[in-house]
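>>> model this:
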Amino acid sequence: MTEDLWSPGRALHHYANEAADEIALIFTRRDGSHDELTRTELDRWSSQVAYRVLDANIGVGDYVPIVFPNCIEHIVATMGIYKAGGTPMPVSHSMPTVERNALIELASAKIVFADTSDLDGITRDQMARSGDYPDSTPPDVTPQPAKAVASGGSTGKPKLIVSPGPFAYPNGVHPLAVVLQLEKQDLVYSPGPLYHNGPFLITQVALFTGARAIINERFGTLGTLDTIERFHPTVLNLVPTMMQRMLQTETIETRNLSSVRRLWHYASACPAWVKEKWIDLIGADKVWELWAATEFNGLTTISGEEWLLRRGSVGRPIMTEIRIVGDQMKELPPGEIGEIYSRFGGGAPPYMYLGAEPLPCTDDNFSSVGDLGYLDEDGYLYLSDRRVDLIISGGANIFPAEVESIISSHPKVRDVAVVGIHDDDLGQRVHAIVEPIDFESPPDQVELDVMCCNQLARYKSPRTYEMLRKLPRNEAGKIRRLALREGRS
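Coordinates of the predicted model:
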C-alpha cells in the first residue's frame, strides 16, 4: 500500500475542513490579553501569505527569515512559507544587527518577515492587509529543507542548523508527535521564544498533528501559571530554568495544574531538587525529559517514574545508538565518563550547518555535540556537562552542572552559573556567579560554601563567589557562559 504523504499545508487545510471553528492557536500577552485564530482563519490567512511569498519567487530550497517576536503572525508566516514550499528560518528579533544581517546573508534570503525598517521586509501590518491575495490553498508542495534555526553554539559564532529533509510524513503522523505522545485533543503550551528550536518545532508538530497550540509574548513565571489556569493546556514544554523560576513563586502550591497530562523538559541539565518538586506537584507519571540536539543526532527520553529509580538519568535511547569515548576515541565501559557520540536511525546525522564546520563524526556516522556523560549497565544515559564548560582545576575535572544544582537549591538563589576562571596555581579555579532573588538581601556566602562542602568533594566547591543582579541568559533559558568566562579571565 502506498503511503500517503502529508505536507504542513495539506494538514492545516484538512483540520480546517474537519473542525472549521475550533480554536487552533492562542497567543497570550504579558498584560493578560490574548488573540485567537480558528483553524479556518489560520488556514486562509496562511494561504494569503503563501501567495505573497510565491510572488517573491520563493520555492523549494529557499530560506525565509522570520524576525518577529513571539506573535500570531510568526506562526502564520511560518505556515505561509511552508505552503509556498520554502524553508522558515526563525531569527531572534533582538539579535544584534550585525549578527542578524550575517545570518540573513548566509541564507541568501530573497525576502524577510520583519517589522524593522532597515530590513525592508514583510511586516505584521502588511500581513494583516493581505486581502488582495486569494485565501484558497495553493497547489500542494513539500517543503525541503524542513527548517533552519540560528544558533550561536558554544563559540558564540552564529550559524544555521538546517534540517535538510522534507517536511512530509505518511498519513499526517509526525514521528516526534509519537515520541512526545501528542494526541489530537491536546492543547500544547510552549512558553519559550519561537526562534529557539524547541518551542518552534513542538508548536509546528502540534498543529501538523491536529492538536492546538498556545504561545506567549514572553515567558514570565506568574503569567505562565495564569495561562495554565486560564486555558488548561494538556502538554507543557519547558526548560529547567522556567521550571525552577515557577517553583520560586509564592503561589505555586495553590495553583491548579490538573489539566497537564505531560510536562516535557529538555535543553539543559535539570537540578534534581527542581525535578523532584515538579514530580511532587503533578505526579511522576506526568514529568518527562527528552535529551536531543537541534542536529537530532540522537534521542533519549525518561519518565518521572523511571527517573526516581535512576536519579540523574536522561533515559534510554530511542532509535539511537550511543558510545561513550575517551582519549584516542577509545570506547569506555559502563559507568565511566566520556564524550557522548550517538547515531540516530543508523545513518548519517540528519542536519547540515551553514557557517560552521560539521560535528565531529566517526567513519560509521556516530557524532558528538560536545556533551559528556556515561551509560549504566542497562543502557540509561547520564549527562555530566558540556565539554566546553568542563573546569579543569589542579588536574581534576569539575562539572559546573553538579555544583549549580546544589547552589540553586538555596531559597535566596534565583539563578547561578559556575565557570572556571584563570588561576596561576591551579590553572582554573571554580567561581560561582549567583543571581539572588533579592539583590539587597543576597544569600550568605558562608551558607553556600557549607552547602557545597557538605555535598561535594572540596576541590569541586567554589573558591570564590560573586553576586550579580541578572545573569546573562538568552530567552531560551541558556546561560551565556562564554561572556561570563571572558569577562572574568
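>>> count of neighbours near Lys184?
Counted with other Cβ atoms under 10 Å, the burial measure for Lys184 works out to 14 neighbours. The way it works is simple: take the backbone N, C-alpha and C, and place the C-beta from them, glycine included.
>>> got a list of what the nearest residue to it once chain neighbours are set aside touches?
Leaving aside its chain neighbours, Lys184 sits nearest to Gly210 (4.2 Å; criterion: Cβ to Cβ, 6 or more residues apart in numbering). The neighbourhood of Gly210, defined by Cβ atoms under 8 Å, 6 or more residues apart in numbering, consists of Ala11, His14, Tyr15, Glu18, Gly172, Lys184.
>>> Any idea how many residues pack against the first one?
To tie it back to what came earlier, the one meant is Ala11. 23.
>>> ok, and for whatever helix or strand it lives in, which residues are buried?
Following DSSP states H and E, one finds Ala11 within helix 8-18. Residues of helix 8-18 classed as buried under the neighbour-count rule (16 or more other Cβ atoms under 10 Å) are Pro8, Gly9, Arg10, Ala11, Leu12, His13, Tyr15, Ala16.
>>> what does stretch 239-256 give?
Burial within stretch 239-256, assessed by neighbour count using 16+ other Cβ under 10 Å, is assigned to Val239, Pro240, Thr241, Met242, Met243, Gln244, Arg245, Met246.
>>> and what of stretch 302-315?
When neighbours are counted by 16+ other Cβ under 10 Å, the buried residues of stretch 302-315 are found to be Ile302, Ser303, Gly304, Glu306, Trp307, Arg310, Gly312, Ser313, Val314, Gly315.
>>> Look up phi and psi at the residue most central in space within the chain.
For the chain, the residue sitting closest to the mean C-alpha position, by Cα atoms, centre = their mean, is Gly198 at 3.3 Å. Torsion angles at Gly198 (phi, psi; degrees, to the nearest 10) stand at phi -60, psi -60.
>>> That one and Ala292: what is the separation?
Taken as Cβ to Cβ, to the nearest Å, the spacing of Gly198 relative to Ala292 amounts to 9 Å.
>>> Could you do Thr142 as well?
Distance of Thr142 to Ala292, computed by Cβ to Cβ: 24 Å.
>>> of the two, who's got more company?
For Thr142 against Ala292, the residue with the higher neighbour count under other Cβ under 10 Å is Ala292, and the figures read 23 against 17.
>>> Just to check, that one is in contact with Tyr266?
Yes. The pair formed by Ala292 and Tyr266 meets the contact definition of Cβ atoms under 8 Å, at 6.9 Å.
>>> Using the three-state scheme, assign Met79.
Under DSSP: H, G, I helix; E, B strand; the rest coil, Met79 falls in the helix class.
>>> Apart from its chain neighbours, what residue comes closest to it?
On the basis of Cβ to Cβ, 6+ apart, the spatially nearest residue to Met79 that is not a chain neighbour turns out to be Ser46, at 3.6 Å.
>>> Does anything pack onto the helix or strand hosting the one you found? Which helices or strands?
Secondary-structure assignment from DSSP H and E places Ser46 in helix 39-55. Under the contact definition 3 or more Cβ pairs under 8 Å, 6 or more residues apart in numbering; DSSP states H and E, helix 39-55 sits against helix 8-18, strand 23-28, helix 72-84.
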